[in-house]
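Asks: pasting the sequence and the predicted model now:
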Amino acid sequence: MPVPAALLDMSLPPVIHDIDERWTMAYAAALGDLSDRYLDTTRLDGVVAHPLFPVGPEWEAIVASRSMSEPLGMTHAEVLTGVHATHDVIVHRLVRPGDRLSTQLSIVGMTDISSGAKVTSRLTTVDQHGLPVATTTQDAIYLGVPTDNVDQPDPALPPVIQGSERRGDPIMTTVDVAAGAAHVYTECARIWNPIHTDRSVARAAGLPDIILHGTATLAHGITAVVNHRADGDPELVRRVAGRFAAMVELPSTITVKVWPGNKTPDGNITVPFEVYNSAGVAAVKDGLVVLGTSP
């Protein structure tokens, strides 16, 4: 069955999460990011979450959206062909322990591309006061599964990020990714997808073995940008975008390239980066982090 057009009419009820230090600290620790900003609970201003932490609270909404596809005619196997292709998150502010987050998902675009249906979702997360925390726009591609003759691009695409040019020599860092890294990230991020933890499921899906989550790979890139271009201050992160282009197998070593930042007319700094797998192929391609000049 094709990806049904009726998905475009759905806006799922919000999912609610109470955020505590246990979750935010575990997320950072799963990445090996031991910054005091994430782990030192004696700080007078308290700890904050890693800039990509919202992917954890968002996951429940994503799972709920997938569960709506089968009653509309898609088979379970067709639903499982969906792969996370792009990620673009506007960080209104970092998540903090004590937040009660409400995340709502809407499917805002659907069109056919050569590899299958491209479905665009927008996830809006607000705090207990209704104030914005994160707005994520992401594409999933259902490999080999077309749309139901739909051609509706996202009518409200996020603005183009200025200053994406790569200039100068990049800083290069390497990260050793352990054999159990995907299992640890699964539990610490609270994102469970068995292709990352169950070898039989991964191989049944056509993968060589379990692979690292794309969001974990992206988070490693953000950590490198924060460390090398933001003086270690994650509260400068305003936006993150990138494309998932290759797998990270386990165990392996990934390489992050972080180019010098480009000042933009609005006073921000855009930092290009990419993350490469052990074969030298970009796993996160065309990555960009937008930094503000003050928290």
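Replies: Ah, there it is. Residues are numbered from 1 along each chain as shown.

Asks: so what's Ala282 up against?
Replies: Residues in contact with Ala282, defined by CB atoms under 8 Å, 6 or more residues apart in numbering, are 245-246, 274-276. C-beta here means a position set from N, CA and C on the backbone, and glycine is covered the same way.

Asks: dump those to CSV, plus secondary structure.
Replies: Below are those laid out as CSV (DSSP: H, G, I helix; E, B strand; the rest coil):
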residue, secondary structure
Ala245, coil
Ala246, coil
Glu274, strand
Val275, strand
Tyr276, strand
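
Asks: out of the residues you listed, who's the most crowded?
Replies: Within the contacts of Ala282, Val275 tops the neighbour count with 29 neighbours, counted by other CB atoms under 10 Å.

Asks: so it is in contact with Val258, correct?
Replies: No: counting by CB atoms under 8 Å, Val258 is not a contact partner of Val275; they are 9.9 Å apart.

Asks: so what's the residue count around Asp148?
Replies: Asp148: 17 neighbours (other CB under 10 Å).

Asks: with Leu250 instead?
Replies: Look at Leu250: counted by other CB under 10 Å, it has 17 neighbours.

Asks: and the gap between it and Ile210?
Replies: Leu250 sits 6 Å away from Ile210, going by CB to CB, to the nearest Å.

Asks: same question for Arg167.
Replies: Relative to Ile210, and taking CB to CB, Arg167 is found at 37 Å.

Asks: higher neighbour count, the two?
Replies: Ile210 (23 against 11).

Asks: for the more buried one, give me its contacts.
Replies: Contacts of Ile210 (CB under 8 Å, 6+ apart): 182, 195-199, 202, 250.

Asks: ok, the spatially closest residue to Gly221 that is not a sequence neighbour - contacts?
Replies: Of all residues beyond its chain neighbours, the one nearest Gly221 is Val275 (4.5 Å), with distances taken as CB to CB, 6 or more residues apart in numbering. By CB under 8 Å, 6+ apart, the contact list for Val275 reads 217-218, 220-221, 254-257, 282-284, 287.

Asks: and those residues, which are buried?
Replies: 217-218, 220-221, 254-257, 282-284, 287 (16 or more other CB atoms under 10 Å).

Asks: which among these gets closest to Leu72?
Replies: Minimum distance to Leu72 across the buried ones among the contacts of Val275 is 29.8 Å, recorded for Leu218 (CB to CB).

Asks: elements contacting the helix or strand containing the closest one?
Replies: In this assignment (DSSP states H and E), Leu218 forms part of helix 214-229. Judged by 3 or more CB pairs under 8 Å, 6 or more residues apart in numbering; DSSP states H and E, the packing partners of helix 214-229 are strand 82-91, strand 171-177, helix 181-189, strand 237-244, strand 252-258, strand 269-276, strand 282-291.

Asks: before we move on, what SS does Ala28 have?
Replies: Per three-state DSSP, the secondary structure class of Ala28 is helix.

Asks: got the buried residues for stretch 24-34?
Replies: For stretch 24-34, by 16+ other CB under 10 Å, it's 24-28, 30-31, 33.
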